[in-house]
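Enquirer: My questions concern the predicted model and sequence given below.
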Amino acid sequence: MKPAVKYILWSFGLISLGIVSYISFTLWRVFNIGTAYQAKQFCSGVFVSQRSPESIFDRDVLAEIRGLSALEQSIVKSIEVHVDRLQKSVTASIFGGAKHQAIFRPGLGCTLVIDRSPAELRSQAQQLNLTPQQDRRWLSGKTNQIPAEINQKQLTAAMDWIFAPQHNSRAVVIVYKGQIVAERYAPGFSAQMPLHGWSMTKSVMNALVGILVKEGKLSLTDKNLMPEWNHSGDRRSQITLDSMLRMSSGLQFDENEGNPLGNLIQMLYGQSNVAAYAASQPLEADPGTKWQYASGTSNIISRIIRRAIGDRDADYLTFPRRALFDRLGMSSAVIEPDATGTFIGSAFMYATARDWARFGLLYLQDGVWEGERILPAGWVKYSRTPTPAAPKKNYGAHFWLMNVSTPSGQSKIMTARGFQDQYTAIIPSHQLVIVHLGKNKNRTSQEFIPRVLAAFAR
């Protein structure tokens, strides 16, 4: 064989080997994300929400893969999940490899075991006193009498609409003037079951920042927010806390939830330190000049909160409960941390529908709860003020903004909103809070909220 032919064949072989290696490595990364996702979702579903593994597979996994290709569905169904109730952990693997484990800790929910041992993670919770208060005076149930100004027929019709099978709703609570006037749960779900709020967690980060601003430990004008940015010439040091809350940091971040190799999914399911990962992203625009919804921003804020509280991990890990949840009676609420102990403030909070409603009521009542000011004066107004850089002016400070047309005019609404159709809508014009939790790929808020408002006379 001529040397030239040998060289060509040799080169072709190397290229082919490189392509195969790249494909294999990419598949391995995808498999790892898939098993990490399943381990985390099953762990939280079983030990936080107290659901059965069968329910999670039938009603979550199968719902999520609907619409995927046959090959993709086959891969997801090939993931083996083992629930260890004694150790309170879940392990997932595929074809015997890409194994991931998530462990449950009371008061902290579930955390993926990445770059830490299960023993190290469990030790984080050993010294914590996370026993919640059991004050259930608010939102303990429906009122005995529906106010006369509510059109009960229209309200019932709205509830029937949202619980139609295609919307896959799981829980709805409607609060009017501080009282539950409508509440419904899908079969298998209940008022006592904490459910995943996904990105509604971001709005809870807003509240925690507000409390620290009130205490004088943070300021909206703060800069030099992360140690990684405090180097000469690093423009990220000029990012303010205000621009972070308004999703205008200028940091590059791929929020594509459908890309298993993108920033969002890699951060949530492939990193032990989500805030450090998000903070490592480069600046692509001057701070404050470009709006881009980015979950990494919320996790950086979570670490900013940690630094503001101090050195003791116990003070930070108990802070949401001490400063917010116990004061509102949100006894079911839990924000899950990453392996380093920083709360995943972008997405990993669980609470009952009633407790999400309590959170909404805090903002409806201008940050005051039972006569006590929880949030600084003016904080709610700040949170619902449109972000200048947001093209549609539909985003405030870690809250979405929307306008809904009613017979009496436009209603301005601030909304905590999350993946798969979670939302807590705060509607001052009607003294309403509407909570919806579900498993829906399409958003229902633009249709459901007007249907509810139509039932309330003005």
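Expert: Nice, thanks for sending it over. Bear in mind the structure is a predicted one, so any value in this text is a computation, not a measurement.

Enquirer: residues near Asp60, how many?
Expert: 18 (other CB atoms under 10 Å). No exception for glycine: its C-beta is placed from N, CA and C like everyone else's.

Enquirer: my guess is it is in a helix, correct?
Expert: Yes. Counting by DSSP: H, G, I helix; E, B strand; the rest coil, Asp60 is part of a helix.

Enquirer: if I read this right, it contacts Gly45, doesn't it?
Expert: Yes. Here Asp60 reaches Gly45: they are 7.0 Å apart, a contact under CB atoms under 8 Å.

Enquirer: For the chain, give me the ranges with low pLDDT.
Expert: Counting by pLDDT under 70, the chain has low-confidence residues at 1-28, 130-145, 406-409, 457-458.

Enquirer: three-state assignment of the residue nearest in space to the middle of it?
Expert: In the chain, the centroid-proximal residue (CA atoms, centre = their mean) is Ala347; its distance is 2.1 Å. Classification of Ala347 using three-state DSSP returns coil.

Enquirer: Quick check: it vs Lys40, distance?
Expert: 11 Å (CB to CB, to the nearest Å).

Enquirer: now do Ile65
Expert: Ile65 is 17 Å from Lys40, by CB to CB.

Enquirer: So which of the two has more stuff around it?
Expert: The residue with more neighbours, out of Ile65 and Lys40, is Lys40; 24 against 15, by other CB under 10 Å.

Enquirer: so the more buried one is in which element?
Expert: Element membership for Lys40 (DSSP states H and E) is helix 3-43.

Enquirer: and the helix or strand following that helix, what does it pack onto?
Expert: Downstream of helix 3-43, the first helix or strand assigned by DSSP H and E is helix 53-56. If you count contacts as 3 or more CB pairs under 8 Å, 6 or more residues apart in numbering; DSSP states H and E, helix 53-56 packs onto helix 3-43.

Enquirer: residue contacts, Lys441?
Expert: 67, 420-421 (CB atoms under 8 Å, 6 or more residues apart in numbering).

Enquirer: Ala98 falls within a strand, correct?
Expert: Yes. Assessed by three-state DSSP, Ala98 belongs to a strand.

Enquirer: which one is it nearest to, not counting chain neighbours?
Expert: Excluding the flanking residues, the one nearest Ala98 by CB to CB, 6 or more residues apart in numbering is Phe31, at 4.0 Å.

Enquirer: can you check Val368 too?
Expert: Using CB to CB, 6+ apart and skipping the chain neighbours, the partner closest in space to Val368 is Ile374 (6.8 Å).

Enquirer: same deal with Leu108?
Expert: Among residues not flanking Leu108 along the chain, Ala125 sits closest, at 5.4 Å (CB to CB, 6+ apart).

Enquirer: Can you spell out which helices and strands pack onto the helix or strand that Ser203 is a member of?
Expert: Assigned by DSSP H and E, Ser203 belongs to helix 200-214. Counting contacts by 3+ CB pairs under 8 Å, 6+ apart, helix 200-214 packs against helix 241-245, helix 295-309, helix 319-320, strand 349-351, helix 353-364, helix 379-383, strand 409-418, strand 422-427.

Enquirer: by how many degrees do the longest one and helix 200-214 diverge?
Expert: Taking axes from the mean of the first three to the mean of the last three CA atoms, to 10 degrees, helix 295-309 and helix 200-214 form an angle of 30 degrees between their directions.

Enquirer: Could you number the chain from 488 rather than 1 from now on?
Expert: Fine by me, first position is 488 from now on; the one you just mentioned is helix 782-796.

Enquirer: immediately after helix 782-796, which helix or strand?
Expert: helix 800-804.

Enquirer: Which parts of that following helix count as buried, going by neighbours?
Expert: Buried residues in helix 800-804, defined by neighbour count with 16 or more other CB atoms under 10 Å: 800, 803-804.

Enquirer: residues in contact with it?
Expert: Contacts of helix 800-804 (CB under 8 Å, 6+ apart): 595, 611-612, 614-615, 617, 792-793, 796-797, 824, 828.

Enquirer: Would you mind checking the residues you listed for buried ones?
Expert: The buried subset of the contacts of helix 800-804 (16+ other CB under 10 Å) comprises 595, 611-612, 615, 617, 792-793, 796, 824, 828.

Enquirer: For those, which two are the farthest from each other?
Expert: Ala612 and Ile792 (18.6 Å; CB to CB).

Enquirer: so Leu940 sits right up against Ile914, yeah?
Expert: Yes. Using CB under 8 Å, Leu940 is in contact with Ile914, at 7.3 Å.
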